[in-house]
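> Below: sequence and its predicted model.
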Amino acid sequence: MKKITIAIDGFSSTGKSTMAKQLAEKLEYIYVDSGAMYRAVTLYAMQQKLISKNKFEKQKLISALDKINLEFKFNSRLGYGEIYLNNVNVESEIRSLVVSNFVSKIAEVSEVRKKLVKQQQLIGANKGVVMDGRDIGTVVFPDAELKFFITASANIRAKRRFDELTKKGDKVSFEEIFKNVKDRDYIDSTREDSPLIKASDAIEIDNSNLSLEEQFDKIYKITLEKIKSINS
Ligand code: CDP
């Protein structure tokens with residue numbers, strides 16, 4: 001059975017990662033959360049005090065890129081790879097709102113994108129991969145056999161992210177999450193390098209009113225059809 005490449009792009013907090021993880025598990029494909037890589041670079045910049053509310057030392061970050069080593073190490077209990085920044089597991093730390101507040105500024109930097117895209121392409125070189133992000137179907141794997149573009153209303157997305165973070169015990173307000181979701185949508189869609197846009201051959205899914213189960217059934221059905229047609 002020939003394996004394919006599946007790209008899942010879309011706005012923040014649309015549940016792309018959940019969808020991509022479930023799909024990879026079911027197909028026994030590798031799952032890659034490309035956003036985790038941008039988040040880990042952001043965490044590095046924060047740790048090195050290169051970015052804060054009022055400053056961003058972009059050139060210093062660019063010069064330090066060689067010192068940033070990112071790896072996904074498979075966690076069999078979770079069933080997917082967790083991200084390591086210079087050998088430290090940062091999977092949980094990178095999900096905080098502080099990291100979310102800076103990540104889109106970091107993701108605008110072309111040198112950062114170049115480094116991460118190269119690594120993403122290497123991971124997916126043998127196909128059998130489900131990768132989620134913003135530019136997977138347009139830049140990382142423009143030839144992916146299957147591309148999804150996920151949308152949902154900003155209000156619903158913010159509510160999902162708010163529930164996720166408060167469940168973890170983070171002290172956040174709905175208003176600040178909503179603002180972060182809107183701000184990132186804007187920066188991600190308007191940046192010059194690899195903006196978030198729907199690839200012309202992507203299948204758009206608005207999951208505002210779909211349960212996790214319904215959305216999974218929908219994409220799984222489409223995926224099986226695609227794999228079948230490629231193998232026939
Ligand atoms: O989980 P959520 O959808 O909120 O975001 P994410 O997938 O973790 O990505 C975090 C941020 O990284 C995005 O808002 C983008 O600024 C950036 N990103 C990107 O530029 N390109 C990607 N392929 C993935 C993420």
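Yes, it's here.
> Please count neighbours and contacts with C-alpha atoms only from this point.
Will do.
> for the chain, which spans come out with low pLDDT?
Applying pLDDT under 70 to the chain flags no residue at all.
> Which stretches in it count as helices?
For the chain, the helices defined by DSSP state H cover 16-27, 34-47, 58-64, 97-106, 110-123, 154-168, 174-190, 212-231.
> most tightly surrounded among those?
Among those, ranked by average contacts under mean count of other C-alpha atoms under 10 Å, first place goes to helix 34-47 (a mean of 22).
> got the CA positions of it in CSV?
Only the C-alpha atoms of helix 34-47 are listed here, as CSV (Å, rounded to 0.1, in the frame of the first residue of the first chain):
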residue,chain,number,x,y,z
SER,A,34,4.9,22.1,12.8
GLY,A,35,3.6,24.8,15.1
ALA,A,36,5.4,23.2,18.0
MET,A,37,8.7,23.9,16.1
TYR,A,38,7.8,27.6,15.8
ARG,A,39,6.7,27.6,19.4
ALA,A,40,10.0,26.0,20.5
VAL,A,41,12.1,28.6,18.7
THR,A,42,9.9,31.3,20.4
LEU,A,43,10.7,29.7,23.8
TYR,A,44,14.4,29.8,23.0
ALA,A,45,14.2,33.5,22.0
MET,A,46,12.3,34.2,25.3
GLN,A,47,14.9,32.3,27.4
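> Quick one: distance of it to the chain centre.
12 Å (C-alpha atoms, centre = their mean, to the nearest Å).
> Between helix 16-27 and it, find me the angle.
Going by axes from the mean of the first three to the mean of the last three C-alpha atoms, to 10 degrees, helix 34-47 is angled at 130 degrees with respect to helix 16-27.
> Check whether helix 34-47 comes near the ligand.
Yes: counting by C-alpha under 6 Å from any ligand atom, the ligand has neighbours in helix 34-47: Ser34, Gly35, Ala36, Tyr38, Arg39.
> Show me which of those residues is closest to the ligand.
Of all these, Gly35 has the smallest distance to the ligand: 3.6 Å, by C-alpha to the nearest ligand atom.
> Okay, the closest residue to the closest one other than its chain neighbours and the ligand: tell me how far apart.
In this structure, Gly35 finds its nearest non-sequential neighbour in Gly133, 5.7 Å apart by C-alpha to C-alpha, 6 or more residues apart in numbering. For Gly133, the distance to the ligand equals 4 Å [C-alpha to the nearest ligand atom, to the nearest Å].
> Gly133: neighbour count?
Residues near Gly133, counting by other C-alpha atoms under 10 Å, number 23.
> List the contacts of it.
Neighbouring residues of Gly133 by C-alpha atoms under 8 Å, 6 or more residues apart in numbering: Ala7, Ile8, Asp9, Gly10, Lys16, Asp33, Ser34, Gly35.
> which one of those residues is nearest Phe72?
Asp33 (9.3 Å; C-alpha to C-alpha).
> what's across from the closest one in the sheet?
With DSSP bridges as the criterion, Asp33 is bridged to Asp132.
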